[in-house]
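Q: Attaching a predicted model along with its sequence, questions to come.
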Amino acid sequence: MQALRWHGLKDLRLETIEAPAPKRGQVKIKVEACGICGSDLHEYAAGPIFIPEGAPHPLTKEQAPIVMGHEFSGQIVEVGEGVTRFQINDRVVVEPIFSCGTCAACKQGKYNLCDKMGFLGLAGGGGGFSEYVAADEHMVHKIPDSLSYEQGALVEPSAVVLYAVRSSQFKVGDRAVVFGTGPIGLLLIEALKASGASEIYAVELSAERRNKAAELGAVVLNPAETDVVAEIQRLTDGGADVCYEVTGVPAVLNQAIEATKISGQIMIVSIFERQATIHPNQLVLKERNIAGIIGYRNVFPAVIKLMQQGYFPAEKLVTKRIGLGDIVEEGFEALIKEKNQIKIIVSPGSHT
């Protein structure tokens, strides 16, 4: 089968490899749609970050080169021994987390915080940028016929933002700010709408992304033209209830802190590539609190239900559709160069 494998920094290769056979407790999935994630982009442009290189991952026992892609949906074409929840032709998405099941976090059910946690498509185990994937039955979720495969490819990133809102101190009727409206920030606006936000503000430099945030219902602010901290404090009578940091930029983290009300919360949803400096008094003197999330847990079914109600719409968020053969130039490079791109969907069955 055809598969995109990460070999090194800026070194992605479309190669012919053996298709996986499902082991006991696994299903084999024909991939229909896979999104390019921001973390995929980081691995391409600055990796390895999560990809194991030089030593195998403790759970998958794999190291580079590895197949990429973890935001995917498809159809089951084969079931392994012992599988009871699925059958051939089921339409599914995969929750792409590997966990050990024995560490302190796993024993508490917090499998996304596993000591050895890895992502399918980053730590090994195959990936969605290929024609077929074999995945463990317990991490597979059915999607209804009413949702397209393209919509299914958005379940994984949508799970990140729904988990972020659920993990924060946000309550129905609260006012929230989203700092950064790339794909995750835009999906976060949808999650806040679904969760009952009374006001949603979006801070973004890119005009294209501000327009998309406004289309989704947020009040947009341009930090190049406005003192966003002062403006948010004015608009919200003293600060937002919760500010979500989705850029990974140290200066923006400080803005998010200052834009939060007394006893409010800053939720970090991004991964930072370098240290960020904050003054503890920013938190202490206003009794603000700061938290962060990684990935998600136990939210895929809720995301799928919300999608059936019209949230996280693919038609508003997908800006390009390509085949595997175009993935580097028309996918990864396009996301780096073209700020109008939001979510690019790859169809592995198409080799154009």
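A: Yep, it's here.

Q: ok, residues contacting stretch 294-310?
A: 93, 95, 97, 109-113, 117, 119, 141, 143-144, 146-147, 151, 154-155, 158-160, 162-163, 166, 194, 312 (CB atoms under 8 Å, 6 or more residues apart in numbering). C-beta here means a position set from N, CA and C on the backbone, and glycine is covered the same way.

Q: Which positions in stretch 113-121 come out as buried?
A: Across stretch 113-121, burial judged by 16 or more other CB atoms under 10 Å covers Leu113, Cys114, Lys116, Met117, Gly118, Phe119, Leu120, Gly121.

Q: just the helices in the stretch 101-250 of the chain please.
A: Here the stretch 101-250 of the chain has its helices, by DSSP state H, counting those that start in this stretch, at 104-107, 149-152, 155-167, 183-194, 207-215, 228-235, 250-258.

Q: Please produce a markdown table containing the ones you listed, extended by distance to Leu285 and mean pLDDT.
A: Shown next, in a markdown table, are the helices of the stretch 101-250 of the chain (distance: least, CB to CB, whole Å; pLDDT from 0 to 100):
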| stretch | distance to Leu285 | mean pLDDT |
| --- | --- | --- |
| helix 104-107 | 33 | 98 |
| helix 149-152 | 45 | 98 |
| helix 155-167 | 25 | 98 |
| helix 183-194 | 27 | 97 |
| helix 207-215 | 31 | 95 |
| helix 228-235 | 15 | 98 |
| helix 250-258 | 11 | 98 |
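
Q: For Glu32, find the nearest of these.
A: helix 149-152 (3.8 Å; CB to CB).

Q: Off-centre distance for the closest one?
A: Distance of helix 149-152 from the chain centroid (CA atoms, centre = their mean, to the nearest Å) equals 14 Å.

Q: For it, which outside residues touch it?
A: So helix 149-152 is in contact with 32-33, 72-74, 91-93, 143, 307, 312-314, 318, 321, 345, going by CB under 8 Å, 6+ apart.

Q: Inside strands: which ones of those residues?
A: Under the assignment DSSP state E, those contribute Glu32, Ala33, Phe72, Ser73, Gly74, Arg91, Val92, Val93, Val318, Arg321, Ile345 to strands.

Q: Tell me how far the first one lies from Ser99.
A: When distance is defined by CB to CB, to the nearest Å, Glu32 is 26 Å away from Ser99.

Q: same thing with the third one?
A: With distances defined as CB to CB, the gap from Phe72 to Ser99 amounts to 19 Å.
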